[in-house]
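Asks: next come a sequence and a model predicted from it.
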Amino acid sequence: MSVVVELEQVQQFYGKLQVLHDMSWQLQAGEIMGLFGHNGAGKTTTVRLILGLIRQSGGKVRVLGGDASDAQVRQQIGFLPENVMFYPQLTGYETLSHFARLKGADHSQVLGLLEQVGLTAAAGERVKTYSKGMRQRLGLAQALLARPKLLLLDEPTVGLDPIATIELYRLIGQLRDEGSSIIICSHVLPGVEPYIDKAVILARGHLEAVGNLQQLREQAGLPVRIRINGPGAGFEHPQLLEHQPLAGDWHEFSVPAAAKLPVLQELLKLPLEDIEIRPPSLEDIYRFYMEKASAVGVAGVQQ
Ligand SMILES: Nc1ncnc2c1ncn2[C@@H]1O[C@H](COP(=O)(O)OP(=O)(O)OP(=O)(O)O)[C@@H](O)[C@H]1O
């Protein structure tokens, strides 16, 4: 697997203000990576470094095997900004044709890209009539012009309803399956969780965690929650961390991940109506690292 983006001991200053501290991580080819952090954590700064819009104050930023500021490298990157602007009077087709001209991309891609993002039927409609979901898909098509190897998506699902969010992430998943490497910045963690291969979590310019969800769960050591519908009021087990009675006949038990099976085996001896096992979510992991960052004095961390 080849490395598409590599940050090595990257530091970034704006004047005297240091906003990235010795940041090191890698994105491998064909991965979808989530870049997460509180407001002001340094995500946009990181994206701007990868896009070659600013140059790092220290350390190395390697993108697609070259320097991020190299024009040939930049041509291979597609970017969907958080608030992509379109001329409302232009149709979807005219909009994408316009971006193709701006980027020097081959115009023959336009119809294919509109089809890829599900906008063929609406290609002749003016963008002002598009829903937010359609505009985001048009934005994605714009980012896909010139067939980039690396895609950077900033809050791609902000303002989208749950179905439009799922549709957009399915499309992003297809792009990964076709070989694109993708970085997604998002504050909407439950939406993005099923789609990412790896997460990078920042707090105040420091790398707090990097890895796939399973690795992050293990590193954070967060408990697994087991919910049962049944007679759990008197249930006891030496490994139990917490017992929370819920509505109806439901009970929630928190157990260390390593104790999940022994506790489950005991619970299954009860006459249960139902059982649910909830591993720590991306949001749980994120909260854990934000709290850890505040506890060690990374001041001003807010979610
Ligand atoms: N051009 C700039 N000049 C000075 N300081 C800046 C500049 N751009 C960003 N900063 C500061 O750098 C820090 C990191 O900002 P950045 O925009 O990278 O954070 P972010 O994680 O993208 O935040 P958000 O989620 O709010 O977009 C913040 O303290 C911000 O105020």
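Replies: Noted; the coordinates are in hand. Numbering: from 1, shown residues only.

Asks: identify the bridge partners of the residue nearest the centre of the chain.
Replies: Closest to where the C-alpha atoms of the chain average out (Cα atoms, centre = their mean) is residue 34, at 2.8 Å. Counting by DSSP bridges, residue 34 forms beta bridges with residue 184, residue 199.

Asks: likewise residue 6?
Replies: Going by DSSP bridges, residue 6 forms beta bridges with residue 26, residue 62.

Asks: now do the contacts for it.
Replies: Residues near residue 6 by Cβ atoms under 8 Å, 6 or more residues apart in numbering: 25, 26, 27, 60, 61, 62. Using the backbone N, CA and C atoms, a C-beta is placed for each residue, glycine as well.

Asks: list only buried entries from those.
Replies: 25, 26, 27, 61, 62 (16 or more other Cβ atoms under 10 Å).

Asks: which one of those residues is nearest residue 108?
Replies: Relative to residue 108, the closest of the buried ones among the contacts of residue 6 is residue 27; by Cβ to Cβ it sits at 29.6 Å.

Asks: run the chain-centre distance for the longest helix belonging to the chain.
Replies: In the chain, taking DSSP state H as the definition, the longest helix is helix 162-177. Taking Cα atoms, centre = their mean, to the nearest Å, one finds helix 162-177 lying 12 Å from the centre of the chain it belongs to.

Asks: for it, packing partners?
Replies: strand 32-37, helix 132-144, strand 150-154, strand 181-185, helix 189-192 (3 or more Cβ pairs under 8 Å, 6 or more residues apart in numbering; DSSP states H and E).

Asks: do you know which of those lies nearest the ligand?
Replies: With Cβ to the nearest ligand atom as the criterion, the ligand lies closest to strand 32-37 of the helices and strands packed on helix 162-177, at 5.0 Å.

Asks: near the ligand at all, the following helix or strand past the closest one?
Replies: Per DSSP states H and E, strand 32-37 leads on to helix 43-50 as the next helix or strand towards the C-terminus. Yes. Residues of helix 43-50 are located near the ligand by Cβ under 6 Å from any ligand atom, namely 43, 44, 45.

Asks: among the contacts of residue 6, which two are most distant?
Replies: 27 and 60, at 14.2 Å, using Cβ to Cβ across the contacts of residue 6.

Asks: buried sites along the longest helix of the chain?
Replies: 164, 165, 167, 168, 169, 171, 172, 175, 176.

Asks: residue 52: which of these is nearest?
Replies: residue 175 (21.5 Å).

Asks: settle this for me: that closest one is touching residue 150, isn't it.
Replies: No. Counting by Cβ atoms under 8 Å, residue 175 does not reach residue 150; the two are 11.0 Å apart.

Asks: who touches both of these two?
Replies: Common contacts of residue 175 and residue 150 (Cβ under 8 Å, 6+ apart): residue 182.

Asks: what strand or helix carries the closest residue to residue 275 other than its chain neighbours?
Replies: Nearest non-adjacent residue to residue 275, counting by Cβ to Cβ, 6 or more residues apart in numbering: residue 228, 5.2 Å away. Assessed by DSSP H and E, residue 228 sits inside strand 224-229.

Asks: next helix or strand past that strand?
Replies: By DSSP H and E, the next helix or strand past strand 224-229 is strand 242-245.

Asks: so what does that following strand touch, helix or strand wise?
Replies: Checking 3+ Cβ pairs under 8 Å, 6+ apart, strand 242-245 ends up next to strand 250-255.

Asks: distance of residue 253 relative to residue 236?
Replies: According to Cβ to Cβ, to the nearest Å, residue 253 and residue 236 sit 10 Å apart.

Asks: what of residue 65?
Replies: 58 Å.

Asks: settle it for me: which of those two has more neighbours?
Replies: Higher neighbour count among residue 65 and residue 236: residue 65, with 12 against 7, using other Cβ atoms under 10 Å.

Asks: neighbours around residue 267, how many?
Replies: Counted with other Cβ under 10 Å, residue 267 comes out at 19.

Asks: ditto for residue 274
Replies: Neighbours around residue 274, by other Cβ under 10 Å: 10.

Asks: tell me who's in contact with it.
Replies: By Cβ under 8 Å, 6+ apart, residue 274 lies in contact with 228, 229, 230.

Asks: next one: residue 155
Replies: With Cβ under 8 Å, 6+ apart, residue 155 has these contacts: 82, 185, 186, 187, 188.
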